[in-house]
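[1] Here you go, sequence then predicted model.
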Amino acid sequence: MSSNLSEMYERERNKWDRLTAPLLENPAQLKLEPGEDFHTVAQNSTVMIGVSEFLGDLYGKRALELGCGTGKMSALLARAGAQVTSFDLSAMSVHVARTRAEVNGLADAVRLVVAAGERLPFANNSFDVVFGRAILHHLDVNLGAGEPLRVLKPGGKAVFVEPLGMNPVLSFVRDHIPYPNKNPVGDDQPLHYKQVEQWGRGYSYFSYQEVQLLGMLERAFPYRFKVRLWPLHRLDQILLERFPALRRYSRYIVMKMQK
């Protein structure tokens with residue numbers, strides 16, 4: 001491991017250990033909503049467009065989540081019937097994710113490890129599904145791009161939902177303007193199309209869709225208010241379809257692959 005990568009890992013571990021530790025003070029807040037699973041959340045998300053439909057039935061599937069953070073998506077995947085393996089660079093995040101699985105009665109369905117995304121500690125052709133939300137932009141694409149493909153079974157599917165970094169207004173806000181629930185800026189870099197294409201190499205099927213243009217304004221509200229600016233999201237669909245040049249300025253990109 002290069003000294004630069006090692007130093008980045010240390011900074012990121014310290015950052016996420018610090019941010020996630022307070023969640024253990026009240027484990028009850030880690031409970032999922034009744035009836036909530038991966039599909040219900042994806043289908044009601046303004047970001048995870050088409051993800052549920054693309055992955056299909058998860059029951060009995062072996063799923064890997066990259067960069068699980070505090071484990072909500074891992075728990076949701078397990079609720080949908082998947083046998084989940086998840087990892088994160090932060091040992092504290094993994095601890096919180098394990099606690100979340102336990103308080104939701106999903107401990108037997110979620111396996112958690114501490115690992116880095118550039119070198120996955122899993123065998124070739126191990127998983128039916130690979131999923132990640134806001135993880136690839138934390139990784140070195142030159143080191144890690146082939147890893148999700150390697151661990152997927154033939155015919156397996158991968159989905160990643162990532163922030164884009166080509167909107168100068170967003171970049172300025174990210175670097176200089178406070179807003180609700182904003183995490184401290186670290187070593188992560190939102191993706192450009194070059195990195196998107198690198199992550200998509202080698203798959204038999206690869207597509208992506210940019211989402212959230214005007215709809216990104218809902219991030220001005222704290223998460224607890226669950227604000228959804230549906231008219232703006234519907235307008236986004238029209239604008240991004242009719243004016244492709246606007247797509248690069250979106251907040252997120254949804255990447256879908258099949259091995």
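    Thanks, I have it. Note that the coordinates shown come from a computational prediction; the quantities given were computed from them, not determined experimentally.
[2] what ranges of the stretch 51-200 of the chain fall below the confidence cut-off?
    For the stretch 51-200 of the chain, no stretch has pLDDT under 70.
[3] got the residue ranges for the helices in it?
    51-55, 72-79, 91-103, 141-144, 147-151, 168-176, 193-199 (DSSP state H, counting those that start in this stretch).
[4] Give the burial count for Ile238, as a bare number.
    9 (other CB atoms under 10 Å). C-beta: built from backbone N, CA, C; applies to glycine.
[5] Does it lie in a helix or a strand, and which?
    helix 230-242 (DSSP states H and E).
[6] now for that helix, which elements pack on it?
    The contact analysis (3 or more CB pairs under 8 Å, 6 or more residues apart in numbering; DSSP states H and E) places helix 230-242 against strand 205-211.
[7] related to what we said a few turns ago, would you format the helices of the stretch 51-200 of the chain as CSV with distance to Ala220 and mean neighbour count included?
    As requested, these are exported to CSV (distance: least, CB to CB, whole Å; neighbours: other CB atoms under 10 Å):
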stretch, distance to Ala220, mean neighbour count
helix 51-55, 25, 19
helix 72-79, 22, 26
helix 91-103, 26, 21
helix 141-144, 30, 15
helix 147-151, 33, 20
helix 168-176, 10, 12
helix 193-199, 26, 17
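[8] how about these, which one is nearest Arg133?
    helix 72-79 (6.0 Å; CB to CB).
[9] wait, which of the helices of the stretch 51-200 of the chain is closest to Asp17?
    helix 91-103 (3.9 Å).
[10] by contact count, what packs against that closest one?
    Using 3+ CB pairs under 8 Å, 6+ apart as the test, helix 91-103 ends up in contact with helix 3-20, helix 72-79, strand 83-88, strand 110-114.
[11] okay if I get the ones you listed as JSON lines plus distance to Phe131?
    Formatted as JSON lines, the helices and strands packed on helix 91-103 follow (distance: least, CB to CB, whole Å):
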{"stretch": "helix 3-20", "distance to Phe131": "19"}
{"stretch": "helix 72-79", "distance to Phe131": "7"}
{"stretch": "strand 83-88", "distance to Phe131": "9"}
{"stretch": "strand 110-114", "distance to Phe131": "13"}
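[12] what about these, which gets the closest to Ser250?
    helix 72-79 (21.1 Å).
[13] which helices and strands does that closest one pack with?
    Checking 3+ CB pairs under 8 Å, 6+ apart, helix 72-79 ends up next to helix 38-43, strand 62-66, strand 83-88, helix 91-103, strand 110-114, strand 127-133.
[14] got TSV for the ones you listed, with distance to Ile177 too?
    Below are the helices and strands packed on helix 72-79 laid out as TSV (distance: least, CB to CB, whole Å):
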stretch	distance to Ile177
helix 38-43	28
strand 62-66	29
strand 83-88	27
helix 91-103	26
strand 110-114	33
strand 127-133	23
